[in-house]
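Asks: coords below, sequence missing:
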């Protein structure tokens, strides 16, 4: 708005028919510069948005990979426990050592699961943070370009 007010004398002289060739050239250069700045800002914001979407997709992929790995860990635990049950049944023995082995396997699984979940959440957080930063940078670049456009238009007057 301020840029348009500042450019008003040149624009008014064009519409009043009192503009000189230099006024036309100055006005055209200012409008072209302003349009270029706006286009550059929009392109930069769009590129930042695309980058943010890509980073969010990487965060989603990291979550899916972590979930799949968790399923694989549970399957390994179940297979281990099933094997222990099979050996215990076949040998006809039961006792503290078998139970201790089961508890050790379960505790190891739980520790590994917590560690993997923490790492996955950290990775997802990094991607989400980078996506947020990319969006913020895009907005800042657009704002800067709009300010440049306003400056170009203000130079017309």
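Replies: Received it, and whenever you're ready, just let me know what you need. What you see is a predicted model; the values in this text were computed from it and never measured. Numbers count the residues shown, from 1 in each chain.
Asks: Would you mind listing where this structure has pLDDT under the threshold?
Replies: 1-15, 17, 19, 22-24, 27, 89-96, 152-157 (pLDDT under 70).
Asks: change it to 50
Replies: Judged by pLDDT under 50, the chain has its weakly predicted residues at 1-6.
Asks: center of it, which residue is that?
Replies: Nearest to the geometric centre of the chain sits residue 131, at 1.8 Å (Cα atoms, centre = their mean).
Asks: For that residue, give me its contacts.
Replies: Applying Cβ atoms under 8 Å, 6 or more residues apart in numbering to residue 131 gives the contacts 51, 52, 53, 55, 56, 59. (C-beta placed from N, C-alpha, C; glycine too.)
Asks: Check the secondary structure at the third one for me.
Replies: It refers to residue 53. Secondary structure, DSSP: H, G, I helix; E, B strand; the rest coil: residue 53 is helix.
Asks: how close does it get to residue 82?
Replies: Residue 53 sits 43 Å away from residue 82, going by Cβ to Cβ, to the nearest Å.
Asks: Have a look at the two and say which one is more surrounded.
Replies: Higher neighbour count among residue 53 and residue 82: residue 53, with 13 against 10, using other Cβ atoms under 10 Å.
Asks: With residue 75 as the reference, measure out to that one.
Replies: Separation of residue 53 from residue 75 (Cβ to Cβ): 33 Å.
Asks: again with residue 44
Replies: Separation of residue 44 from residue 75 (Cβ to Cβ): 47 Å.
Asks: Which one's more surrounded, these two?
Replies: residue 44 (18 against 10).
Asks: Can you give me every residue that contacts the more buried one?
Replies: By Cβ under 8 Å, 6+ apart, the contact set of residue 44 is 138, 141, 142, 145.
Asks: Wait, the second one touches residue 38, no?
Replies: Same thing as residue 141. No: using Cβ atoms under 8 Å, residue 141 is not in contact with residue 38; the gap is 11.7 Å.
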